[in-house]
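Chemist: Got a predicted structure plus its sequence, pasted below:
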Amino acid sequence: MAFSPFKFLQEVRSETAKVTWPTRRETTITTIMVFVMVALASVFFFVADQVIRVLVTFLLGIH
């Protein structure tokens, strides 16, 4: 079975044509949602880190 780069590129183009690409609006909304989720996760982990720091400091008696 021989490898044909031309046939491979034809198949790639054929498969790419079948893909349902997102619209610009969908891409923008998804990007905004990613940034919102990153911000929320950052706040959550910051607060969790501060709570853990306070608990550990209290338990170890460090002032």
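Modeler: On my side now, so go ahead.
Chemist: and Phe45, which of the three is it?
Modeler: Following DSSP: H, G, I helix; E, B strand; the rest coil, Phe45 is assigned to helix.
Chemist: With Phe3 instead?
Modeler: Note that with three-state DSSP, the state of Phe3 is coil.
Chemist: Phe45: neighbouring residues, count only.
Modeler: By other CB atoms under 10 Å, 10 other residues sit near Phe45. Just so you know, the C-beta spots here come from the backbone N, C-alpha and C atoms, and that holds for glycine as well.
Chemist: An error on my part: the question was meant for Thr57.
Modeler: Around Thr57 there are 11 residues (other CB under 10 Å).
Chemist: List the buried residues in the one helix or strand it maps to.
Modeler: Thr57 belongs to helix 24-60 when elements are defined using DSSP states H and E. Buried residues in helix 24-60, defined by neighbour count with 16 or more other CB atoms under 10 Å: none.
Chemist: Output the worst-scoring helix or strand of the chain on mean pLDDT as PDB, restricted to C-alpha atoms.
Modeler: Within the chain, no helix or strand scores below helix 5-18, which has a mean of 93 by mean pLDDT, DSSP states H and E. Taking C-alpha atoms only, helix 5-18 is exported to PDB below (Å, rounded to 0.1, in the frame of the first residue of the first chain):
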ATOM      1  CA  PRO A   5       0.400  12.800  -0.600                       C
ATOM      2  CA  PHE A   6      -2.000  14.100  -3.300                       C
ATOM      3  CA  LYS A   7      -4.700  11.600  -2.200                       C
ATOM      4  CA  PHE A   8      -4.100  12.500   1.400                       C
ATOM      5  CA  LEU A   9      -4.600  16.200   0.800                       C
ATOM      6  CA  GLN A  10      -7.700  15.500  -1.200                       C
ATOM      7  CA  GLU A  11      -9.100  13.600   1.700                       C
ATOM      8  CA  VAL A  12      -8.200  16.300   4.200                       C
ATOM      9  CA  ARG A  13     -10.000  18.900   2.000                       C
ATOM     10  CA  SER A  14     -13.000  16.600   1.800                       C
ATOM     11  CA  GLU A  15     -13.200  16.100   5.600                       C
ATOM     12  CA  THR A  16     -12.600  19.800   6.200                       C
ATOM     13  CA  ALA A  17     -15.600  20.700   4.000                       C
ATOM     14  CA  LYS A  18     -17.800  18.500   6.300                       C
END
